[in-house]
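Colleague: missing the sequence, but the structure's below:
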């Protein structure tokens, strides 16, 4: 028995998110089926975390246990030959049997892409949030810095979260300019439900002048979801990396 | 009567290219229908040039004549409200009545994206050519430079071209690194049929060590299509800009 950790890229557009659900096309379900085609095994593929419907991943991590004889390094090419084009396995490594992609995760990075031009994008219609109004990117950058640290992020968590604690440590948050978009990068030891999309929505409100950068500490302190910005749509969000 | 020049971005994935064809979904046909919805006019939308099935455009230019009373600057938003999400009108300006997006074009820039990583891309599956083997990018850059100048590019033209002359002037050709890809940019006063994709295929052959940079002048001189590289697939190609 081996425990194999996969690195997976996916375009979430056509999927009902990561988590397997009956009669719905999901990332987890689709990869488990692909593993079954190769190994004839019914595996449980444990992702580093769920991504919502429409959310993308550049380097999602997920592990599964197998008795198959396929060499570990052959899994990417073998799985990619049976997976649809919008999911790609980029890497496979053997990990200790007690390793869990979910429980062993030390930090994750998400990015949120905002397409800030006058007219809507065609090529990025499913890959960035279209916001046509003027943004103060300096204010957005300063807002990012106020998120860094260990805080109770209850204000940035959807009400239906099942998390035991809403305290998280954000190690880094900053803006980048890439692929004709403003990218908001956030690295933390973990993310609450919708946290990345609510933080992105709050930073967008700062850019739009509805909030000031120095409002961020007050919103954090309030522990009041209604004080933060709206949850931006899923198609701008990417799981960039998971560190163990 | 006004003559209106549109700047158009499109994702070519789902289209049979630019040019209108009976019973096929084309970019030209789709935009002409959108204009008809707004103005009730049957217009002839003249593109700067045809793009093949699957080819994308960041800034295609096309003009049409209209008697409608819609202010010119309102066309982008109005057209985008009736166009599908994979076509977006980015700009509209009034031009003289004798202006033709095709005949008046002075230069065009194309880029070709190559995804050069070990395993196939998911997010870029329709937006870059996947080439998993090692590439010598320095040699590719040197190869680019040999294309700059006015030459007979018969070696880089598909046999079914109807062009009167195969002489073109390439003003610039260079590599860029963007969006996890190698991008080959080519600016010329015009492009022969499949010329951008054949030049990209030839530069790729240099990167792969099948050709040397200094072979390029000999291939140009030979005027022999079989000496150049293969025509790379359409989904890596983007019409970047047209200058008048």
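Modeller: Nice, I can see it. Keep in mind it's a predicted model, so treat the numbers as computed, not measured.
Colleague: what does chain A put close to chain B?
Modeller: Those residues of chain A that sit near chain B, judged by C-beta under 8 Å from any C-beta of the partner chain, are A:9-11, A:56, A:58, A:76-77, A:80, A:85-91, A:117-123, A:125, A:127, A:178-179. C-beta here means a position set from N, CA and C on the backbone, and glycine is covered the same way.
Colleague: and those, which are buried?
Modeller: Neighbour counting by 16 or more other C-beta atoms under 10 Å in any protein chain shown classes A:9-11, A:56, A:58, A:76, A:80, A:86-91, A:119-123, A:125, A:127 among those as buried.
Colleague: tell me which of these fall in strands.
Modeller: A:9-10, A:56, A:58, A:87-91 (DSSP state E).
Colleague: farthest pair in those?
Modeller: Pairwise distances among those were taken by C-beta to C-beta; the largest, 17.4 Å, belongs to A:56 and A:91.
Colleague: how many neighbours does residue A:137 have?
Modeller: Residues lying near residue A:137 (other C-beta atoms under 10 Å in any protein chain shown) number 15.
Colleague: now swap in residue A:211 and tell me
Modeller: 21.
Colleague: may I have the secondary structure class of the residue nearest to it when sequence neighbours are not counted?
Modeller: Nearest residue to residue A:211, sequence neighbours excluded (C-beta to C-beta, 6 or more residues apart in numbering or on different chains): residue A:205, at 4.5 Å. Applying DSSP: H, G, I helix; E, B strand; the rest coil to residue A:205 yields a three-state assignment of helix.
Colleague: correct me if wrong, but residue A:218 is in a strand.
Modeller: No: going by three-state DSSP, the assignment for residue A:218 is helix, not a strand.
Colleague: need the phi and psi values for residue A:126.
Modeller: Residue A:126 adopts backbone torsions of phi -100, psi 10, taken as degrees, to the nearest 10.
Colleague: pLDDT score for it?
Modeller: pLDDT recorded at residue A:126 is 97.
Colleague: burial of it, as a residue count?
Modeller: Around residue A:126 there are 19 residues (other C-beta under 10 Å).
Colleague: how near is it to residue A:84?
Modeller: Using C-beta to C-beta, to the nearest Å, one gets 16 Å for the distance from residue A:126 to residue A:84.
Colleague: quick one: furthest residue from the center of chain A?
Modeller: Using C-alpha atoms, centre = their mean, the residue of chain A lying farthest from its centre is residue A:69. It sits 32.0 Å away.
Colleague: got the end-to-end distance for stretch A:102-113?
Modeller: 25 Å (C-alpha to C-alpha, to the nearest Å).
Colleague: please apply the same query to stretch A:8-28.
Modeller: 11 Å.
Colleague: helices or strands up against the helix or strand where residue A:146 lies?
Modeller: Per DSSP states H and E: residue A:146 is located in helix A:137-147. Judged by 3 or more C-beta pairs under 8 Å, 6 or more residues apart in numbering or on different chains; DSSP states H and E, helix A:137-147 is in contact with strand A:167-178, strand A:181-188, helix A:195-207, helix A:215-222.
Colleague: can these go into CSV with extra columns for mean pLDDT?
Modeller: Below are the helices and strands packed on helix A:137-147 laid out as CSV (pLDDT from 0 to 100):
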stretch, mean pLDDT
strand A:167-178, 97
strand A:181-188, 98
helix A:195-207, 98
helix A:215-222, 98
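Colleague: what's next to the helix or strand where residue A:4 lies, contact-wise?
Modeller: If you go by DSSP H and E, residue A:4 is part of strand A:2-10. Under the criterion C-beta atoms under 8 Å, 6 or more residues apart in numbering or on different chains, residues A:27, A:31, A:45, A:56-67, A:72, A:75-76, A:79, A:86-97, A:99, A:101, B:121-123 lie in contact with strand A:2-10.
Colleague: how far off centre is that strand?
Modeller: Taking C-alpha atoms, centre = their mean, to the nearest Å, one finds the center of strand A:2-10 at 16 Å from the center of the full chain.
Colleague: can you check stretch A:195-215 too?
Modeller: 19 Å.
Colleague: ok, now stretch A:209-226?
Modeller: 23 Å.
Colleague: and the end-to-end length of that stretch?
Modeller: Length of stretch A:209-226, first residue to last, C-alpha to C-alpha: 17 Å.
Colleague: can you check stretch A:125-135 too?
Modeller: One end of stretch A:125-135 to the other measures 20 Å (C-alpha to C-alpha).
Colleague: list the contacts of that stretch.
Modeller: Residues outside stretch A:125-135 that contact it (C-beta under 8 Å, 6+ apart): A:11, A:13, A:54, A:56, A:112-121, A:179, A:181-182, A:200, A:204, A:207-208, A:232-233, A:235-236, B:11, B:85-86, B:88, B:123.
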